[in-house]
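Undergrad: Here's a sequence, model it:
(one chain, ligands or ions: 1)
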Amino acid sequence: MKTVIFALIALGVATMAFAHGGVKNPAVLARMENMKAISDQMKGLAAMAKEERPFDAAQIVRSLEQISADAARIPALFQAPETDPKSEALPAIWQEFDRFENLSADLSVAVTEVGAPENLTDLRSAVQQIGVTCKACHDPFRD
Ligand code: HEC
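TA: Next up is the predicted model:
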């Protein structure tokens, strides 16, 4: 369990170093910023799960609502096969867009299913359940 949380944080931090720098295509920038927003909320939740931040049930609900709203935007933001030298999106997205959309829906479903975690145990399992769906899409579709 802890391994998953640490892996998520490592992923987020590694990404921040090069995120957005020099992206010229506004459509690519928009989809990256949406991902970044999702990842910022996940990092907040992971920090609480690791007890680096005080547990805050109301903030957790706000973060989950934000992730849910951003997740709903993923298919539309990725629909057009936009490219940019800085993009990590793989061409497979547009060869298998149905699969991409389904994986996006999996994230939305996971966020709904975790409900409103009221203790650390529930929060940790929520972070893990949601994190699995990030990886499920990044593995086939992100370089
Ligand atoms: C349906 C597929 C899909 C799901 C689900 C998904 N991602 Fe992504 N994500 C991508 C793709 C594709 C890119 C690469 C976009 C690009 O570079 O054009 C990406 C990029 C990112 C980036 C880099 C953004 C940047 O600034 O370049 C982060 C951070 C990220 N995702 C975090 C997450 C987290 C956290 C989750 C789960 C809560 C998640 N993603 C769920 C497909 C997905």
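
Undergrad: Name the residues of the protein found near the ligand, please.
TA: With Cβ under 6 Å from any ligand atom as the criterion, the chain meets the ligand at residues 12, 15, 19-20, 28, 31-32, 35-36, 38-39, 42, 74, 87-89, 93, 100, 103-104, 107, 130, 133-134, 137-138, 141-142. From N, CA and C alone the C-beta is placed, and that goes for glycine too.

Undergrad: Return a ChimeraX selection command for the buried portion of those residues.
TA: Typed into ChimeraX, the next command selects the buried ones out of those (criterion: 16 or more other Cβ atoms under 10 Å):
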select :12,28,31,32,35,36,38,39,42,74,87,89,93,100,103,104,107,130,133,134,137,141
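
Undergrad: quick one, phi psi at Ile74?
TA: Torsion angles at Ile74 (phi, psi; degrees, to the nearest 10) stand at phi -60, psi -50.

Undergrad: quick one, helices of the protein?
TA: Remark: helices of the chain, listed N- to C-terminal, are 2-16, 26-49, 57-78, 92-95, 97-113, 120-141; assignment by DSSP state H.

Undergrad: deepest of those, which one?
TA: Each of the helices of the chain was scored by mean neighbour count; the highest is helix 26-49, a mean of 19, by mean count of other Cβ atoms under 10 Å.

Undergrad: Turn the helices of the chain into TSV, columns for mean pLDDT.
TA: Written out in TSV, the entries for the helices of the chain read as follows (pLDDT from 0 to 100):
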stretch	mean pLDDT
helix 2-16	58
helix 26-49	97
helix 57-78	98
helix 92-95	98
helix 97-113	98
helix 120-141	98
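
Undergrad: Centre of the chain to stretch 92-111, how far?
TA: For stretch 92-111, the distance from its own C-alpha centre to the chain's C-alpha centre is 12 Å (Cα atoms, centre = their mean, to the nearest Å).

Undergrad: try stretch 76-90
TA: Taking Cα atoms, centre = their mean, one finds the center of stretch 76-90 at 16 Å from the center of the full chain.

Undergrad: And for stretch 65-73?
TA: Computed by Cα atoms, centre = their mean, the separation of stretch 65-73 from the middle of its chain amounts to 9 Å.

Undergrad: what residues does it touch?
TA: Asn34, Ala37, Ile38, Gln41, Met42, Ser104, Leu107, Ser108, Val111, Thr112, Ile130 (Cβ atoms under 8 Å, 6 or more residues apart in numbering).
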